[in-house]
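Student: Model the structure of this input:
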Amino acid sequence: MKSEPITYACCSDISGKLRGKGFPATDFKKRLLKGVGWTPTNVQITCFDTIADSPFGSLGDLLLIPDAATRTQLDFGSGSPVEDFVLGNVLHLDGSKWECCTRAILQDALDRLVAATGLTLFGTFEHEFTLQGAEQGKGLAFTAGGFRRERAFAETLMATLQAANITPDTFIREFGTDQFEITVTPTEGISIADQGAILREVVQIVAERFARRASFSPLPVAGGTGNGVHIHMSFRDSSGIPATYDPAKPHGMNSAASAFIAGVLKHLPSIIAFTAPSVISYQRLVPHRWSAAFNNLGAQDREAAIRLCPITTLNGADPHSQFNFEFRAADATASPHLQLAAIVHAGVWGIEQNLPTPTPTAEDLSRLDLQELSNRGIERLPASLDIALDNLAHDQTVRSWFPDGFVEVYLAHKHFEISQVAEMTKREQCAAYAEVY
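Tutor: Down below sits the predicted model:
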């Protein structure tokens, strides 16, 4: 009997997973209008497949409406089923936004940016991951030999990304054991996060075809090298012209970029609960791990929370189209939509408040005492998810950016996740997260 192709409609949830429901692919146009049924309490399914306390209980119904622009169809041939999935928004039955839809939350933030500045966001997610089962061995970090051993995987991944309408940029054999990095070219608006979510799924799909598993866990092994997510951002004006760089301003940041960055840094101790939302995220966010440990801006500093990326004029290259800044206090245990929403809201707040240009740091901040850090307006990032969640719970400004009730749902979800690993050793926690991410 011939199989029936299925399209999987899904949403990026609080745990950073794509969850959803399949339907016959022949019904695609119909489902664009009527969607598939969804359950409110699904939002409280943790990464460990447990359910946190839910204000919805067993009550209520929602609709998950696919967005045709995100449909991803991957045909690997050989008689295997075509991978077919599509992202969407979760709505109330009357078509209004559901308060816990991460994609709608991001769209609200992006709309706020346009309303405040007339600018749109241009950016991309840069992902590191560990290819479990590769067993490459030692002495291969950044080497041609390390790349050569996974050339077939890399080339298949790049071809698959292109088939998913994502343009690959680079593939790197990274520093950590069996660690790799994939970068892709920027896109605009909500597709920045859509692309990030699709990329994670595509990497997993390709890894499975090589009898491997790609883990995006921020720390697959306790004490080992961590996997980060680096979010690159810049602005475009209403005509699509780059609008981030001003050579006459300090460090090339125009007034919108500098105030945006200042707003993100100001609220980073709270919004990090969205950008690095696992228990083990905070084992990675410490000094000297090339991640981020303070709410600082750095010029080409890979330990800064926000890094000003390099530009070049080599061969007549235009710096205006290159200039961007990189948010580094993030990992793939988060929904890319929530990560970007929190960052954009904080940045727009900085623009609305006309915050002054932050001064980039150029030294090892871990060597400075608390008074010196305070004098510079810099603070150590939270040392645990508990502290980050407490910061979020008490930051009324950040809470006001999100729909009524969402932050309470988010806090309940994450506190329950903490309870699931509270009795584990750090090694056991890392193993648990490596299994589910």
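
Student: so where's the longest helix in this protein?
Tutor: Secondary structure of the chain read by DSSP state H shows that its longest helix is helix 255-275.

Student: Report the buried residues of that one.
Tutor: Buried residues in helix 255-275, defined by neighbour count with 16 or more other Cβ atoms under 10 Å: 256-275. In this view, the C-beta of every residue, glycine as well, is placed from N, C-alpha and C.

Student: Could you do stretch 21-36 as well?
Tutor: Within stretch 21-36, the residues that qualify as buried by neighbour count (16+ other Cβ under 10 Å) are K21, F23, A25, F28, R31, L32, G35, V36.

Student: three-state assignment of the residue lying closest to T244 once chain neighbours are set aside?
Tutor: Beyond its immediate neighbours in the sequence, the residue positioned closest to T244 (Cβ to Cβ, 6 or more residues apart in numbering) is S234, lying 4.2 Å away. Using DSSP: H, G, I helix; E, B strand; the rest coil, the three-state assignment for S234 comes out as strand.

Student: Touching, S234 and M253? I think so.
Tutor: No - shown here, S234 and M253 do not form a contact pair, counting by Cβ atoms under 8 Å, at 10.6 Å.

Student: which neighbours do these two share?
Tutor: Where contact means Cβ atoms under 8 Å, 6 or more residues apart in numbering, the residues bridging S234 and M253 through contact with each are T244, F325.

Student: Output the longest helix of the chain as CSV, restricted to C-alpha atoms.
Tutor: These are the backbone C-alpha positions of helix 255-275, laid out as CSV (Å, rounded to 0.1, in the frame of the first residue of the first chain):
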residue,chain,number,x,y,z
SER,A,255,22.6,56.3,17.6
ALA,A,256,19.9,53.6,17.2
ALA,A,257,22.4,50.8,17.4
SER,A,258,24.2,52.3,20.5
ALA,A,259,20.9,52.9,22.4
PHE,A,260,19.6,49.5,21.4
ILE,A,261,22.7,47.8,22.7
ALA,A,262,22.6,49.8,25.9
GLY,A,263,19.0,48.7,26.5
VAL,A,264,19.9,45.0,26.0
LEU,A,265,22.9,45.3,28.4
LYS,A,266,20.8,47.1,31.0
HIS,A,267,18.1,44.4,31.2
LEU,A,268,20.4,41.4,30.4
PRO,A,269,20.4,40.1,34.0
SER,A,270,16.6,39.6,33.5
ILE,A,271,16.2,38.7,29.9
ILE,A,272,19.0,36.0,30.1
ALA,A,273,16.2,33.9,31.7
PHE,A,274,14.9,33.7,28.1
THR,A,275,18.2,33.5,26.2
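
Student: Going forward, count from 428.
Tutor: Sounds good: first residue 428 from here, last item helix 682-702.

Student: Output stretch 452-459 as PDB, nothing but the C-alphas.
Tutor: The C-alpha atoms that make up stretch 452-459 are tabulated as PDB, following Å, rounded to 0.1, in the frame of the first residue of the first chain:
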ATOM      1  CA  ALA A 452       0.000  16.900   2.900                       C
ATOM      2  CA  THR A 453      -2.900  17.000   0.400                       C
ATOM      3  CA  ASP A 454      -4.800  19.100   3.000                       C
ATOM      4  CA  PHE A 455      -2.100  21.800   3.100                       C
ATOM      5  CA  LYS A 456      -4.100  24.700   1.600                       C
ATOM      6  CA  LYS A 457      -7.100  23.800   3.800                       C
ATOM      7  CA  ARG A 458      -5.000  23.800   6.900                       C
ATOM      8  CA  LEU A 459      -3.600  27.300   6.100                       C
END
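
Student: Now do it: everything it contacts.
Tutor: Counting by Cβ under 8 Å, 6+ apart, stretch 452-459 makes contact with E431, P432, I433, T434, A436, F450, I492, P493, A495, R498, D511, all of which sit outside it.
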